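Visitor: all I have is the shape, not the residue letters:
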């Protein structure tokens, strides 16, 4: 797969079909990968594809001008479709190199599973529906569900929904949704008071670094409402009230664009379970309007369209 | 306990300039009685109401927010209330999940000739808010 990717990327640059290639390369920390953005055809040999390519690269599409060749997994491709729906990206300007994805490995889960820091691990490899972890020369196998990111479990669209080139063959979903939304189910079982207190506690930790916003491909406003000063909706001091209000509003803004890629939660330095908000919004939209983000590039996006009869039971 | 007995809910309402605001006017001119707990902000269309307004109102201590616009099909701008409906629906559902009682955020369709309905909606909502109790979600740290 990696070889094919490199060939494709090189050909795209050589034939001048794109100005940039956006993909993944080996990261500076052990096992990690990091985004690679390049114009140089000699750099494409650094491109990698493995079960650790975590980032949603479509966030760069609204920042870089020019024709772009981009590596996209299932969820990433849907983010790209979302951007096309919102006229933020034109389809002709992107060449999507699709990667069928059967889940991305969460290194934090690996660490917890074997009780070792990632620097102590010798190897982490995926073998079908197993993951092999080597520590101190001792090899241990675990079911893959135990180390995949929550949002990968029960993923309905592991194969890119839009692509020009597909590396490898279409894949089928891993595991079920139950594990993926365990925390949401737990919260749904609580009283509103308990839920509010839970979120209050979580947002007490928020330092409002805006990593969640910056990493989100659906958050593309050039000027975010939090930076407005007249009126000043949100105080710059990270109090929980304002932190919570910011995150709720952000989720409403990305409703119908969010593909549940899980980047917000991964980017959060304070480990706030942001995906438990994003996923819930995703489900709310699906339930109310039978709409799922990033499936049809010709369709209008959720909040710019309507049906003549819908959601009437919520209105007096 | 003494304070609780005195407590009256504060309700903020966004009324569409073309129907609900006129409906509220009609309620007044036809001497319909409805609770004085409501504060009305006139907006050009229910589609003007940003979900942020609703959340901010709760943060500032309002006990409930009512968005009122034209009946579907009657929007002065043809479609404004349809867009509003989607936005309000997700805001309401999502805030419910976060832990805001569902009674605090409501929407209604009130036309310019429905003064009676306006009075009714406000009375009912105020009654519901009294049952839910004061908004202590954000504490006093606005």
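Guide: On my side now, so go ahead. None of the values given here were measured: they were computed from a predicted structure. Residues are numbered from 1 along each chain as shown, chains lettered A, B, ... in the order given.
Visitor: now do the contacts for residue B:62.
Guide: By CB atoms under 8 Å, 6 or more residues apart in numbering or on different chains, the contact list for residue B:62 reads B:10-12, B:135. In this view, the C-beta of every residue, glycine as well, is placed from N, C-alpha and C.
Visitor: any residues of chain B in contact with chain A? List them.
Guide: B:51-52, B:55-56, B:59, B:72-73, B:79, B:82-83, B:85-101, B:106-109, B:121, B:124, B:137-139, B:141-142 (CB under 8 Å from any CB of the partner chain).
Visitor: filter those down to just the ones in helices.
Guide: With DSSP state H as the criterion, helices contain B:51-52, B:55-56, B:59, B:82-83, B:85-98, B:121, B:124 from among the residues of chain B next to chain A.
Visitor: related to what we said a few turns ago, closest to chain A out of the contacts of residue B:62?
Guide: Using CB to the nearest CB, residue B:135 is the member of the contacts of residue B:62 that lies nearest chain A, at 11.0 Å.
Visitor: what about the closest residue to chain B within the stretch 151-300 of chain A, how many residues nearby?
Guide: Proximity of the stretch 151-300 of chain A to chain B (CB to the nearest CB) peaks at residue A:196, 2.8 Å away. Using other CB atoms under 10 Å in any protein chain shown, residue A:196 has 20 neighbouring residues.
Visitor: equivalent analysis for the one 5 residues further on, please.
Guide: Applying the criterion other CB under 10 Å, we find 11 residues in the vicinity of residue A:201.
Visitor: give me the element it is part of.
Guide: Assessed by DSSP states H and E, residue A:201 sits inside helix A:192-205.
Visitor: check which residues of that helix are buried.
Guide: A:192, A:195-196, A:198-200, A:202-203 (16 or more other CB atoms under 10 Å in any protein chain shown).
Visitor: now do stretch A:139-159
Guide: A:144-145, A:147-155, A:157-159.
Visitor: smallest gap between chain B and chain A, at which residue?
Guide: Residue of chain B nearest chain A, by CB to the nearest CB: residue B:99 (2.8 Å).
Visitor: what is the neighbour count of that residue?
Guide: 20.
Visitor: just residue B:26 next, same as before
Guide: Neighbour count of residue B:26, defined by other CB under 10 Å: 20.
Visitor: quick one: residues contacting it.
Guide: By CB under 8 Å, 6+ apart, the neighbours of residue B:26 are B:112-115, B:118.
Visitor: skipping its backbone neighbours, what lies nearest residue A:185 in space?
Guide: Sequence neighbours aside, residue A:178 is the residue nearest to residue A:185 in space, at 7.8 Å (criterion: CB to CB, 6 or more residues apart in numbering or on different chains).
Visitor: residue A:154 is in contact with that neighbour, correct?
Guide: Yes: in this structure, residue A:178 is within contact of residue A:154 by CB atoms under 8 Å, at 7.2 Å.
Visitor: circling back: who's in contact with the residue of the stretch 151-300 of chain A closest to chain B?
Guide: By CB under 8 Å, 6+ apart, the contact set of residue A:196 is B:98-100, B:137.
Visitor: please repeat the previous calculation with a cut-off of 10 Å.
Guide: Residue A:196 is in contact with A:190, A:244, B:95, B:98-101, B:136-138, counting by CB atoms under 10 Å, 6 or more residues apart in numbering or on different chains.
Visitor: of those, which belong to strands?
Guide: Among the contacts of residue A:196, no member falls in strands (DSSP state E).
Visitor: just say helix, strand or coil for the most centrally placed residue in chain A.
Guide: Per CA atoms, centre = their mean, the C-alpha nearest to the average position across chain A is that of residue A:261, at 2.6 Å. At residue A:261 the chain is in coil, as set by DSSP: H, G, I helix; E, B strand; the rest coil.
Visitor: dump the residue contacts of it.
Guide: A:54-56, A:58-59, A:73-76, A:78-79, A:104, A:149, A:151-152, A:155, A:215-218, A:275, A:278, A:293-294.
Visitor: flag the shaky bits of chain B, pLDDT-wise.
Guide: Counting by pLDDT under 70, the ranges of chain B that qualify are B:1-4, B:141-142.
Visitor: would residue B:131 count as being in a helix?
Guide: Yes: assigned with three-state DSSP, residue B:131 falls within a helix.
Visitor: and the closest residue to it other than its chain neighbours, what is it in contact with?
Guide: Excluding its sequence neighbours, the residue lying closest to residue B:131 (CB to CB, 6+ apart) is residue B:103, at 7.5 Å. By CB under 10 Å, 6+ apart, the contact set of residue B:103 is B:9, B:63-64, B:96, B:124-125, B:127-132.
Visitor: switch the cut-off to 8 Å
Guide: Going by CB under 8 Å, 6+ apart, residue B:103 touches B:64, B:125, B:128-129, B:131-132.
Visitor: need the buried ones from these selected in ChimeraX.
Guide: The ChimeraX command for the buried members of the contacts of residue B:103 (criterion: 16+ other CB under 10 Å) is given here:
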select /B:64,125,128,129
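Visitor: what segments of the stretch 151-300 of chain A are strands?
Guide: Along the stretch 151-300 of chain A, counting by DSSP state E, counting those that start in this stretch, strands occupy A:165-166.
Visitor: for it, which residues are neighbours of chain B?
Guide: Residues of the stretch 151-300 of chain A lying close to chain B by CB under 8 Å from any CB are A:187-188, A:192-199, A:225, A:233, A:239-241, A:244-245, A:248-249, A:251-252, A:255, A:277, A:280-281, A:284-285, A:288-289.
Visitor: re the thing from before, confidence score at the residue of the stretch 151-300 of chain A closest to chain B?
Guide: Note on residue A:196: pLDDT of 97.
Visitor: likewise for residue A:36?
Guide: In this model, residue A:36 is scored at 97, pLDDT.
Visitor: which elements pack onto the helix or strand harbouring it?
Guide: For residue A:36, the enclosing helix or strand under DSSP H and E is strand A:33-38. The elements that strand A:33-38 packs onto, with contact taken as 3 or more CB pairs under 8 Å, 6 or more residues apart in numbering or on different chains; DSSP states H and E, are strand A:20-26.
Visitor: how far is the strand it packs on from where the chain is centred?
Guide: Distance, stretch centre to chain centre, for strand A:20-26: 16 Å (CA atoms, centre = their mean, to the nearest Å).
Visitor: ok so, going back, most neighbours among the contacts of residue B:26, which one?
Guide: Of these, with other CB under 10 Å as the count, residue B:118 tops at 30 neighbours.
Visitor: from residue B:75, how far off is it?
Guide: Separation of residue B:118 from residue B:75 (CB to CB, to the nearest Å): 17 Å.
Visitor: same question, residue A:275
Guide: In terms of CB to CB, residue A:275 sits 36 Å off from residue B:75.
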